[in-house]
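1. Here is my input, please return the structure:
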Amino acid sequence: MNEPITCDKLVDLVPTWAPFPGWTVLLDPGPRHHAPDPVSGLSRLALDPSVWTEEPLLAALRSVAEHLAASPPGLGITALLPPDTYHVTLCDGFSVRSPSRAAEPAATRLQEMIDALPGAVVDTDALTLGSGVALTALLDAAAGSITFAFDALEVRGTALVAALETIDAAVPAIVDARATVLTEMSAVAGQDLVVPWRPHISLAYLANESREDAWASVLQTASAELATPPPPAIGYRGAATYAFADMITFRRAERTTA
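-> Residues are numbered from 1 along each chain as shown. Model (predicted):
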């Protein structure tokens, strides 16, 4: 059954991922989970194959995503994300959608920033239209370790995700710093960017609008199976800004050490 693709992150169900430039803050999986990108001079998120034995939660999520992609017709066809791009977003920045939602002169500044990606990812002031100090404070707040436990499988919009629960005392400071940078960016861009942090790992996208009712029982069953016994928690240390070209290509500046 052919269904229209309304998800603006997909071109087709091969899948071919639509151009969707922007930037985000991701929790850092570590240096060995990045590959050099000689064209941009940045490093690209690419989880090392060792992760499938070292992180049982990620391995379990990859397996359940492949199973759900073969779900019965009527649930909405899914386009699986490459498992080596699995990540946890700390804070979404601006994207290709942002200029059309802003008034001038912010709209022009946003478009210039988007056009300057991925190179502009190294400039926190350029990314945020002047809130570089607040963005740096968020990165500092997230510099320690943070651990997540699996919560449930959900459909959010057109994304199929694994919702996560934080189990660290440092989270309030991170949430406060996140709210500060988003509040400042909202004021400059003239749009409300402040949304609660709902940590998750995206597994796939639906071709069309979410059908949460149709997915509810399937995901409830899959969540219960995944949580019996509960997979080990997964931890991250630190965060970084990444430029994305689409939903499978995330690049960050190479880190330097003193």
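
2. all helices of the protein, in order?
-> For the chain, the helices defined by DSSP state H occupy 51-54, 56-69, 106-115, 124-128, 132-141, 171-189, 212-226.

3. Out of those, point me to the one whose mean pLDDT is lowest.
-> Least confident of these, judged by mean pLDDT, is helix 212-226 with a mean of 85.

4. for the helices of the chain, which one ends up most surrounded?
-> helix 124-128 (a mean of 20; mean count of other C-beta atoms under 10 Å). In short, each C-beta sits where N, CA and C put it, glycine included.

5. so what secondary structure elements neighbour it?
-> strand 89-95, helix 132-141, helix 171-189 (3 or more C-beta pairs under 8 Å, 6 or more residues apart in numbering; DSSP states H and E).

6. Minimum distance to A204: which of the helices of the chain has it?
-> Nearest to A204, of all the helices of the chain, is helix 56-69, at 5.7 Å by C-beta to C-beta.

7. same for the closest one, what does it pack against?
-> Using 3+ C-beta pairs under 8 Å, 6+ apart, helix 56-69 sits against helix 51-54, strand 78-80, strand 145-156, strand 159-166, strand 200-206, helix 212-226.

8. Give me the distance from the fifth one to the chain's centre.
-> The one in question is strand 200-206. On the basis of C-alpha atoms, centre = their mean, to the nearest Å, strand 200-206 sits 9 Å off its chain's mean C-alpha point.

9. what lines up beside that strand in the sheet?
-> Strand 200-206 has its sheet partners listed here by DSSP bridges as strand 78-80 (antiparallel), strand 159-166 (antiparallel).

10. hang on, the earlier thing: now the helices and strands packed on helix 124-128 as JSON lines including distance to A159?
-> Shown next, in JSON lines, are those (distance: least, C-beta to C-beta, whole Å):
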{"stretch": "strand 89-95", "distance to A159": "11"}
{"stretch": "helix 132-141", "distance to A159": "23"}
{"stretch": "helix 171-189", "distance to A159": "20"}
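
11. among those, which is nearest F20?
-> The nearest among the helices and strands packed on helix 124-128, by C-beta to C-beta, is strand 89-95 at 6.7 Å.

12. Report the buried residues of the closest one.
-> When neighbours are counted by 16 or more other C-beta atoms under 10 Å, the buried residues of strand 89-95 are found to be 89-91, 93-95.

13. ok so, going back, between the helices and strands packed on helix 56-69, which gets nearest to A243?
-> strand 200-206 (17.2 Å).

14. export the helices of the chain to CSV and tack on distance to S40?
-> Output for these, formatted as CSV (distance: least, C-beta to C-beta, whole Å):
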stretch, distance to S40
helix 51-54, 23
helix 56-69, 26
helix 106-115, 14
helix 124-128, 15
helix 132-141, 20
helix 171-189, 24
helix 212-226, 36
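
15. mind checking which of the ones you listed is nearest F148?
-> helix 56-69 (8.1 Å).

16. thinking again about what came up before, please identify the one among the buried residues of strand 89-95 that lies nearest to A243.
-> G93 (9.2 Å).

17. what about the protein, any weak spots by pLDDT?
-> Applying pLDDT under 70 to the chain flags the ranges 1-3, 71-77, 210-212, 254-258.
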